[in-house]
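Visitor: Below: sequence and its predicted model.
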Amino acid sequence: MSTANTRASSHAHGCREGCLFARPDDVVLVRQRPREAFLTALCRAGVTLPEIVVTDLDAPTIDAPDLGALARVQPWGWTPRLARRLAPLRARASDDPVPAQGWPPELLAKALGVSVLRRLLPGERLSHIETIGVVAHDAGAVVDAIEQFRGAGHATVACKASWGTAGRGTIRVLAGPIPDPQRAWIRRTLARQGTIVVEPWLDRVCDLSLRLTIGAPGRACIDRRADARRGRRVPQRGGVREPLSAGLARGSSRCISCMCLDALARGA
């Protein structure tokens, strides 16, 4: 498909792995074109490739003028800053999901995720309640939460700024006295954001990401799934398209399967 004849149902994606998850009539925006060997392997695996357009994804604003009209601009996840950077593309889209007044800041906070998780995981069917994070609003509450998780047998505890992305704004508190630099980080973060989420540092089995679109209150649909397997030294090995439970121990497999069934039962 040429960029001059981009279909009205096309989307613009902002990640290289979009080549794997995109539809054939999508447009995938990338910093540099993937290696031909990678694209050939996808084709041999039965993937129909979307249109791939190289553009500057690090510019203050992101655009691809030759694309023409679009149906939607669909990054992996929206943030206020990304909405501003994608403004040129959004202006050519017939369906713009970004509300004119923007999003309430609380919607993007990790503190909200903690309260939602407590409602979604009653009892211990999917996860132990005591592993869910604690929202703290002052330094004393942060220290109390750290000691609470240590008392439950977690030697390492994570403290996360309520507004932070991709592992940023997080410290790991190891066993023993809390170092002065980490205490200073706690004070600075509370002064700047007012909230810290404290939770145990758990061994990771796999990362499961679900991208949801909420079209109406109480109704959500799963747009795409990216199951990223990660090792100890490799930050990310990539996305996989296979059953979620593939390669996992039986207990972990059952947990993840139940979690997905619960999400579907709740209208996802």
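Guide: Here it is on my side, so go on. Residues are numbered from 1 along each chain as shown.

Visitor: In contact with the nearest residue to A161 once chain neighbours are set aside, which residues?
Guide: Of all residues not flanking A161 in the chain, G169 sits nearest, at 3.5 Å (CB to CB, 6 or more residues apart in numbering). To be clear about C-beta, it is placed using only N, CA and C from the backbone, and glycine gets the same treatment. When contacts are counted by CB atoms under 8 Å, 6 or more residues apart in numbering, G169 touches 160-161, 163, 189.

Visitor: now, which of those residues lie within helices?
Guide: T189 (DSSP state H).

Visitor: Using pLDDT, spot the least trustworthy of the contacts of G169.
Guide: Minimum pLDDT for the contacts of G169 is recorded at W163 (88).

Visitor: A83 versus that one, what's the distance?
Guide: 16 Å (CB to CB, to the nearest Å).

Visitor: picking that back up, now, which of the contacts of G169 sits nearest D63?
Guide: Of all those, the one with the least separation from D63 (CB to CB) is W163, at 27.1 Å.

Visitor: Just to check, the closest one is in contact with Q193?
Guide: Yes. Using CB atoms under 8 Å, W163 is in contact with Q193, at 5.8 Å.

Visitor: Touching stretch 190-202 from outside, list them.
Guide: 109-111, 113-114, 131-139, 142, 145-146, 149, 152, 154, 156-163, 172, 186, 189.

Visitor: do that again at 6 Å, thanks
Guide: Residues outside stretch 190-202 that contact it (CB atoms under 6 Å, 6 or more residues apart in numbering) are 110-111, 114, 131, 133-137, 142, 145, 149, 154, 156-163, 172, 189.

Visitor: Also stretch 107-117?
Guide: 106, 132-133, 135, 160, 162-163, 195, 197.

Visitor: For the nearest residue to T170 once chain neighbours are set aside, list the residues it contacts.
Guide: Using CB to CB, 6+ apart and skipping the chain neighbours, the partner closest in space to T170 is K160 (4.8 Å). Contacts for K160 (CB under 6 Å, 6+ apart) come out as 110, 170, 197.

Visitor: confidence score at the first one?
Guide: Looking at K110, its pLDDT stands at 90.

Visitor: I figured I214 hits A220, correct?
Guide: Yes. Using CB atoms under 6 Å, I214 makes contact with A220 at a distance of 4.8 Å.

Visitor: quick one, which of the two is more surrounded?
Guide: More crowded of I214 and A220, by other CB atoms under 10 Å: A220, with 16 against 12.

Visitor: so for whichever strand or helix holds that one, what's the average pLDDT?
Guide: Element membership of A220 [criterion: DSSP states H and E] is strand 219-228. Averaging pLDDT along strand 219-228 yields 62.

Visitor: Could you list the buried residues of stretch 77-89?
Guide: Using 16 or more other CB atoms under 10 Å as the test for burial, stretch 77-89 gives 78, 82-83, 85-86, 89.

Visitor: In CSV, list those along with secondary structure, pLDDT and distance to P60.
Guide: Formatted as CSV, those follow (DSSP: H, G, I helix; E, B strand; the rest coil; pLDDT from 0 to 100; distance: CB to CB, whole Å):
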residue, secondary structure, pLDDT, distance to P60
W78, coil, 78, 17
L82, helix, 86, 12
A83, helix, 88, 13
R85, helix, 91, 7
L86, coil, 90, 11
L89, helix, 90, 14
